[in-house]
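> I'll drop the sequence and a predicted model, then ask my questions.
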Amino acid sequence: MVRISLLTIFLFFSLTVGYSQNVLQTVAEKSNFESTAMHADVMAYIAQLQKSSPNIKVELIAKTFEGRDIPLIIVANPMPKKPADLLNDKRVVVYIQANIHAGEVEGKEASLMYLRDLLKDKNSTVLNDVVLLVCPILNADGNDKISTQNRTHQNGPKNGVGVRYNGQYFDLNRDGMKVESPEIKGVITNVLNRWDPYVIMDCHTTNGSYHVEPVTFTWIMNPNCDRSLINYMRDRMMPEVSTTLRDKYQVENCFYGEFIDQKDYDKGWISYAAEPRYLSNYVGVRNRLGILNENYVYADYKSRVVGCYNLIHSVMDYSASHKAEIKELLNSADAATIARGLNPAVTDSFAVAYEGKPTPNKANVKTYEVDVVVDEQGNEHLTKSDRRRDISVTYIADYYATKNVKFPFAYILSIPDPEVISLLKIHGIKVERLDKVISLEVDKFIIEELKAAPKLNQGHYTETAVGHFVKETKEFPAGSYLVRTSQPLGYLVSYLMEPQSDDGLLFWNYFDRYLQPQWSRSYNPYPVYKVMGTTEIKSTVEI
């Protein structure tokens, strides 16, 4: 019989408790995955991380509408003194963003866990190849409105989550183009423009069709992105990330989407929302690799967090092992965008309408058959059965133009609107002013009809223009604003400037006051003119 003294038991208990208290844990971990972090918890956790390693520093993305700090965590070895120091660095910059919708908390907890484990892993080689940026809590105002009454359909955490909107009641994942929130303005100016990450992942949680996989994700898909980037993500990057996540990290996953008809799988699995108002597509229009992560709402909370944590691992593994390839691909895309703007071909175009087509390869989904239940009013409802089916189904995630307009050499504004100019500069677009009076042949857009949306969208009655272009020789005074397409953000320039763009300045009401005379049923010309051919225009860059 072995006798253990009370002193030995006391010492063992003290050491065990002391160790557990010294291991940094997220709120999710500490609560056995029953809770999620408040903003103060996140900031305290980051402060502890800063004490643990010299390879971390923290910047400020923005202050929220309600005054909370949004942190940007930079992890690197060696740490650059400033982003410009990375110009000739062989490492690739990766940005992980979470909590843009503050009821969707998995990315917040997972990214904090990943930061801790990366910093303490002495054998990791990731930091040899990657500079990591992390924003774990973009929507800090929405985050702190935690309640068990939010997202009641969600499978945990049982102690509640925050709300979707920010302090201004904006959905931040609809603000990528109009930029009316301090949070998205901060992301664009202090992350995308300042650090220029090549790979960006935005973390969400979704419901949709029934399936087994706790983690789903997809890639940039707007047809006004560089097609080489879309194809690279579709055919190489995302399939390899999926395989790594499944085989190395043992996490079931599939590409993001939902069944067009859960009762008829043959109709396809579709990923929609291709507009650049959504961050993952916005960065694609900027010639960068965007990943939309959607964790599955009906999986249990712990599985969602752990799945997202391992997706971050998989994306980092890929980015590290393909850093040179990624940098070359994106640098080539930037160069091609500039070259196209310098001398637009007759065939160069911008898509003003588009539709989804099947990708070359099908999507594999582990789903459940559904039962149809008819209520007392005769309405059909679908309920998940316990009958499992593994299927390979058409994946509709390639978007192609159904209507094009010609891509120009430059745009000239006939009105010096400071709000418009400010927005262009926020996006990082280079704006110039004419040095002298110039007469140019331009394409003028004649508005035949303006259709306002029947209900508000993010505080806007968004507008769609029907009309046509005509050629005109027009004189523009010195000081008129000129925006060339021969810049790395050339695709974004056209997206904002084109009158029939589905996410541009006209759509978001920036030009409303200029479009119709007070006492007339006709419309003024759209106040942005297109210079189509290569033309020598003397101008000065606006600072």
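Cool, the structure landed.
> can you pull out the helices in the stretch 201-350 of the chain?
Using DSSP state H, counting those that start in this stretch, the helices of the stretch 201-350 of the chain run over 227-232, 238-247, 279-285, 301-321, 323-342.
> now the ones you listed in JSON lines, with distance to Ser422 and mean neighbour count?
For every residue, glycine as well, the C-beta is placed using N, CA and C. Below are the helices of the stretch 201-350 of the chain laid out as JSON lines (distance: least, CB to CB, whole Å; neighbours: other CB atoms under 10 Å):
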{"stretch": "helix 227-232", "distance to Ser422": "28", "mean neighbour count": "17"}
{"stretch": "helix 238-247", "distance to Ser422": "36", "mean neighbour count": "18"}
{"stretch": "helix 279-285", "distance to Ser422": "18", "mean neighbour count": "27"}
{"stretch": "helix 301-321", "distance to Ser422": "33", "mean neighbour count": "24"}
{"stretch": "helix 323-342", "distance to Ser422": "22", "mean neighbour count": "17"}
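> Any chance of these in CSV with mean pLDDT as columns?
Shown next, in CSV, are the helices of the stretch 201-350 of the chain (pLDDT from 0 to 100):
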stretch, mean pLDDT
helix 227-232, 98
helix 238-247, 98
helix 279-285, 98
helix 301-321, 98
helix 323-342, 98
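> Present these as TSV; the columns should include distance to Leu118.
Compiled in TSV, the helices of the stretch 201-350 of the chain are given as follows (distance: least, CB to CB, whole Å):
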stretch	distance to Leu118
helix 227-232	25
helix 238-247	16
helix 279-285	23
helix 301-321	8
helix 323-342	16
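> Please name whichever of those is nearest to Lys436.
Comparison of the helices of the stretch 201-350 of the chain against Lys436 by CB to CB identifies helix 323-342 as nearest, at 21.8 Å.
> residue ranges for the helices of the stretch 401-543 of the chain, please.
Remark: helices assigned in the stretch 401-543 of the chain by DSSP H, counting those that start in this stretch are 418-427, 490-497, 512-515.
> Would you confirm that Thr205 contacts Glu106?
Yes: with contact defined as CB atoms under 8 Å, Thr205 counts as touching Glu106 (5.8 Å).
> quick one, which of the two is more surrounded?
Ranked by neighbour count (other CB atoms under 10 Å), Thr205 and Glu106 place Glu106 first, with 34 against 22.
> ok, now which ones touch the more buried one?
Contact analysis of Glu106 by CB atoms under 8 Å, 6 or more residues apart in numbering lists Ala98, Cys203, Thr205, Asn295, Tyr301, Arg304, Val305, Gly307, Cys308.
> can you check Ser181 too?
Contacts of Ser181 by CB under 8 Å, 6+ apart are Phe65, Asn166, Gln168, Phe170, Leu172, Asp175.
> what's the distance between it and Gln154?
24 Å (CB to CB, to the nearest Å).
> Glu180 now?
For Glu180, the distance to Gln154 - CB to CB - is 28 Å.
> now do Arg388
Arg388 sits 22 Å away from Gln154, going by CB to CB.
> Kindly report the same for Gly428.
Gly428 sits at a distance of 36 Å from Gln154 (criterion: CB to CB).
> Equivalent analysis for Leu423, please.
Distance of Leu423 to Gln154, computed by CB to CB: 35 Å.
> what's the most buried one of the helices of the stretch 401-543 of the chain?
Of all the helices of the stretch 401-543 of the chain, helix 490-497 has the most neighbours on average by mean count of other CB atoms under 10 Å, namely a mean of 26.
> picking up where we left off before, comparing Arg388 and Gln154, which shows the higher neighbour count?
Shown here are Arg388 and Gln154; by other CB under 10 Å, Gln154 has more neighbours (19 against 12).
> Below-threshold pLDDT in the stretch 1-150 of the chain: ranges please.
Applying pLDDT under 70 to the stretch 1-150 of the chain picks out residues 1-22.
> Show me the strands in it, by range?
Secondary structure of the stretch 1-150 of the chain (DSSP state E, counting those that start in this stretch): strands located at 56-63, 69-75, 92-97, 130-135.
> can you list the domains in this structure?
31-338, 354-401, 406-541 (automatic domain parsing).
> Output those as TSV; include the columns distance to Val23.
Listed next are those as TSV, based on distance: least, CB to CB, whole Å:
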stretch	distance to Val23
domain 31-338	9
domain 354-401	35
domain 406-541	41
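> With respect to burial, which of those scores highest?
Scoring these by mean neighbour count under mean count of other CB under 10 Å gives domain 31-338 as the most buried, with a mean of 20.
> Do me a favour and get the end-to-end distance for that one?
End-to-end distance of domain 31-338: 51 Å, with CA to CA, to the nearest Å as the criterion.
> Nearest to His381 among the contacts of Glu106?
Nearest member of the contacts of Glu106 to His381, counting by CB to CB, is Thr205, at 22.6 Å.
> OK, contacts around the closest one?
Thr205 makes contact with His101, Gly103, Glu104, Val105, Glu106, Gln154, Glu294, Asn295, Tyr296, Val297, Arg304 under the criterion CB under 8 Å, 6+ apart.
> if you set the cut-off to 6 Å instead, what comes out?
By CB atoms under 6 Å, 6 or more residues apart in numbering, the contact set of Thr205 is Glu104, Glu106, Asn295, Val297.
> With distance to Tyr400 added, can I get those in TSV?
Listed next are the contacts of Thr205 as TSV, based on distance: CB to CB, whole Å:
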residue	distance to Tyr400
Glu104	30
Glu106	32
Asn295	29
Val297	30
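> Check these and tell me the two furthest apart.
Taking CB to CB, no two of the contacts of Thr205 sit farther apart than Glu106 and Val297, at 9.6 Å.
> returning to what we had before: can you redo the helices of the stretch 401-543 of the chain as JSON lines with distance to Gln250 and mean pLDDT?
Output for the helices of the stretch 401-543 of the chain, formatted as JSON lines (distance: least, CB to CB, whole Å; pLDDT from 0 to 100):
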{"stretch": "helix 418-427", "distance to Gln250": "41", "mean pLDDT": "98"}
{"stretch": "helix 490-497", "distance to Gln250": "38", "mean pLDDT": "98"}
{"stretch": "helix 512-515", "distance to Gln250": "53", "mean pLDDT": "96"}
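> of all the ones you listed, which lies closest to Lys158?
Across those, Lys158 has its closest neighbour in helix 418-427 (40.2 Å, CB to CB).
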